[in-house]
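Enquirer: Sequence first, then the predicted structure:
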Amino acid sequence: MKAYWQLTLTQLRIFLRNRQVLFWTLAFPIFLMVMLGSFLGSGNNLSVTAGVVNQDQTPQSKAFTDALKKNKALKIQEVKEQKAALSQVKNGSLQLALVIPKGYAENQGKGTPFKLPVYYDETNANVSQVGLQLVNGTVDQISKAQTAYKPTVVTEAKGVETLNLKYVDFLVPGIVAMMIMSNNMNGVAGQIASWRERGILRRMQGTTLKASTFIAAQITARLMLNGLQALLVLIVAQLFFGVGVSGSWLTLISFVIVGTLAFMAIGFIIASIAKTPESAGPIAGFLSFPMLFLGGVFFPIQNMPEFLQPIVYVLPISHLSHALREVMNVGASFFSLGTEFLILACWAVGAFIAASFTFKWE
């Protein structure tokens, strides 16, 4: 136990004495958050994403859904339940939710226009109005084609109280996820490779020090550093942009821990593969750089090309950034994010097992 605490304190001292490390791991993410948040933080996403709940399930209702999909300005998602669609409008995943009630096909051409409820985001009026116009245009075309310009279907707009999230609310959890990835995957790979080249690991191996003690001390020190970094970022985000944590702090800390373990394990694998510290950096960068743009750190995954999305959902940072965002912005509970936690835990366990077979002291 004494060796464990000594190694933990030594790791913390090494970090604090290196001013460049302090800047890149603490100041730079905060600087990036402030700059992006200042320029883009108050802006809203202008893409119109609409969810369609087809309760009628008739050829006519399916034809109406297909007509909406033909409009390139609308991004249509089919949702099974109305409750789920409204929930997505509230949390900002959808700008509109259109419901096709039962009886849509039966009431066609009976004289009285059939009302289709369209739920929209009241706090994002510009996008909502554009979306309503696009939907109304499609509805109008269907009515004209059926009854010689006599409307048979009209929309009924209904406002939904939403979370009123801005880009900076999306950005801050992504910055925290980025720091966890960079500090652990890139940092561990470079440091371990350097210690191996300088013979520090070989000298440790010659003592009574156990590998488990060495790894446990590394994990403890980096968990402390990640906790400090996340706290500083959240304090700055609160002071500058009013971004807070809507959910449980315990849930947030749980994902910081499991994210740290997952990326540390990947860092150990990179350190095992890299023969020198000079090669560890490019290897870590080759893996981490694409994750910054494909893992939902700066841009929503839903806005990425569809062929990329299955690949993105395999990456650990996509699940970490999504979980942190759900906890901070929506106030999601730990149990509702069980899938994300399980995937990150599998990454941590799997990568540590792989690292145990590839890790070399010399």
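Expert: Perfect, thanks for sending it. Values in this document were obtained by computation on a predicted structure and should not be read as measured data.

Enquirer: quick one: low-confidence ranges for the stretch 51-200 of the chain?
Expert: Applying pLDDT under 70 to the stretch 51-200 of the chain flags residues 109-111, 124-127, 130, 143-165.

Enquirer: Do a quick rundown of the helices in it.
Expert: Taking DSSP state H, counting those that start in this stretch as the test, the helices found in the stretch 51-200 of the chain are 59-69, 82-91, 125-147, 167-181, 187-197, 200-205.

Enquirer: For Thr10, pull up the helix or strand it's in.
Expert: Using DSSP states H and E, Thr10 maps to helix 2-17.

Enquirer: could you give the angle of that helix to helix 187-197?
Expert: If you take axes from the mean of the first three to the mean of the last three CA atoms, to 10 degrees, helix 2-17 sits at 110 degrees to helix 187-197.

Enquirer: residue ranges of the strands in this protein, please?
Expert: For the chain, the strands defined by DSSP state E occupy 48-54, 74-78, 96-100, 114-121, 153-160.

Enquirer: Let me know which of those strands is tucked in deepest.
Expert: Across the strands of the chain, the average number of neighbours (mean count of other CB atoms under 10 Å) peaks for strand 96-100, which reaches a mean of 25. Heads up, the C-betas are built off the backbone N, CA and C, glycines and all.

Enquirer: what does that strand contact?
Expert: The contact list for strand 96-100 (CB atoms under 8 Å, 6 or more residues apart in numbering) reads 48-56, 61, 64-65, 68, 79, 82, 85-86, 88-89, 116-121, 128, 131-132, 135, 155, 160.

Enquirer: Sheet partners, orientation included, of that strand?
Expert: With DSSP bridges as the test, strand 96-100 is paired with strand 48-54 (parallel), strand 114-121 (antiparallel).

Enquirer: got CSV for the ones you listed, with distance to Ala105 too?
Expert: Converted to CSV, the strands paired with strand 96-100 look like this (distance: least, CB to CB, whole Å):
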stretch, distance to Ala105
strand 48-54, 11
strand 114-121, 9
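
Enquirer: Leu337: which of those is closest?
Expert: The closest of these to Leu337 is strand 48-54. By CB to CB, the value is 21.5 Å.

Enquirer: what's the distance between Glu201 and Ile270?
Expert: That one is not Glu; residue 201 is Leu. Distance of Leu201 to Ile270, computed by CB to CB, to the nearest Å: 15 Å.
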